[in-house]
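Engineer: Curious how this folds, go ahead:
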Amino acid sequence: MQFAQIPMQWVGPLLLRGDIEDRVEAPMATYETPLWPSVNRGARVTEKAGGIRITLIDARMSRSITLQAVNAHEAHQAAQAILEQQDRLQAVVSQSSRFARLIEIHPKIIGNLLILRLEFTTGDASGHNMVTHAADQLIPWLLQHHPQLRYVSISGNFCTDKKVSAVNALHGRGKNVVAETWLPEKLVRRYLKTTPEKLVELHIKKNLLGSIAAGSLMSANAHAANMLLAFYLATGQDAANIVEGSQCIDHAEVHDNGDLYFSTTLPNLIVGTVGNGKGLDFVQENLARMGCTDPDALPGENARRLAGICAATVLCGELSLLAAQTNPGELMAAHLKLERKGS
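Structural biologist: Sure thing, here's the model as predicted:
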């Protein structure tokens, strides 16, 4: 097996509060070398201000299956019956995995098609394969107990995997995490070279209005995908999941005392600490260094910790880039200095 060579550096330390109380560094693998000092700048100012508060809202992985009835009436009747059978469906799911647990079903009827969005908790795995395996076990059971239905697809795109969608932003897919920080004005001026007022104004005109003008779907951020991809590659994640992962929303406001409040909300943060990609030596070393391989942790705790660290990394990068863009020429000057040393 051959490996692609991607430069990696550790950023931070990140001072974390709330659902995670720790001071950790995070690995980032990227060709965009200005990303490391930019995230480091965000980490430095947030640490000086008392850290980044992490709140883990939810955790789930989804797989949608598509079945077909003769008409919409029969599809609707089947959907209503299936919703009442969740306990029986969980008994089937438990045969496929000791970690998968069916927690919610969202039916969608289109003509005579019945699409079922099945949502599971998946322990420390990101859960792609786990929920697909569970769905594979559920389909024969559903067809046996609802003979008016027939199989169409194991994936009905209502999941929604590796695609931007409103349903993921509404219901969440992966970890739903909020990272937030409170920065005194003097620290914003000293470390970010801007003011809280300028940063909030840019956030409104760029992240919010610019995203509306672009037709962005439930997303308002500066470049979250940059930090996500770098973090995903360094920790053995499925990198294509940055598509839905970057559907995140920044929020900023100036308090009455002049301080800055800044947050990043990521409802679709798909990360895990076990499963495909996690067996590589460098991945295991990185996860262990972040404290995400604790053998005594309860199922899901290591993955939730990893998600919190990832969210903090994204916040630092968002904060630093927005600050840079309040100053004409700063962004390009940094790229020229850090990426074109030999030209």
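Engineer: What are the contacting residues of stretch 126-144?
Structural biologist: 61-63, 65, 67, 82, 89, 92-93, 95-97, 99-100, 102, 118, 120, 122, 149-151, 154-155, 161, 174, 237-238, 241, 270-272, 275-276, 303 (CB atoms under 8 Å, 6 or more residues apart in numbering). (C-beta placed from N, C-alpha, C; glycine too.)
Engineer: Return the subset of these lying in helices.
Structural biologist: Counted as lying in helices by DSSP state H, out of these, are 82, 89, 92-93, 303.
Engineer: between those residues, which is nearest residue 205?
Structural biologist: Distance to residue 205 across the ones in helices among the contacts of stretch 126-144 (CB to CB) is lowest for residue 303, with 36.3 Å.
Engineer: Redo the ones in helices among the contacts of stretch 126-144 as JSON lines? Include pLDDT, distance to residue 183 and neighbour count.
Structural biologist: Below are those laid out as JSON lines (pLDDT from 0 to 100; distance: CB to CB, whole Å; neighbours: other CB atoms under 10 Å):
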{"residue": "82", "pLDDT": "96", "distance to residue 183": "49", "neighbour count": "22"}
{"residue": "89", "pLDDT": "94", "distance to residue 183": "47", "neighbour count": "21"}
{"residue": "92", "pLDDT": "92", "distance to residue 183": "50", "neighbour count": "17"}
{"residue": "93", "pLDDT": "93", "distance to residue 183": "45", "neighbour count": "22"}
{"residue": "303", "pLDDT": "97", "distance to residue 183": "29", "neighbour count": "27"}
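Engineer: Looking at those, spot the one nearest residue 321.
Structural biologist: For the ones in helices among the contacts of stretch 126-144, the nearest to residue 321 is residue 303 (27.1 Å; CB to CB).
Engineer: what number of residues lie near the residue nearest to that closest one when sequence neighbours are not counted?
Structural biologist: Distance criterion CB to CB, 6 or more residues apart in numbering; nearest residue to residue 303, sequence neighbours excluded, is residue 124 at 4.3 Å. Neighbourhood size, residue 124 [other CB atoms under 10 Å]: 25.
Engineer: what's the spacing between residue 124 and residue 264?
Structural biologist: With distances taken as CB to CB, to the nearest Å, residue 124 is found 23 Å from residue 264.
Engineer: same thing with residue 216?
Structural biologist: For residue 216, the distance to residue 264 equals 15 Å [CB to CB].
Engineer: which of the two has more neighbours?
Structural biologist: Set residue 216 next to residue 264 and count neighbours by other CB under 10 Å: residue 264 wins out with 28 against 16.
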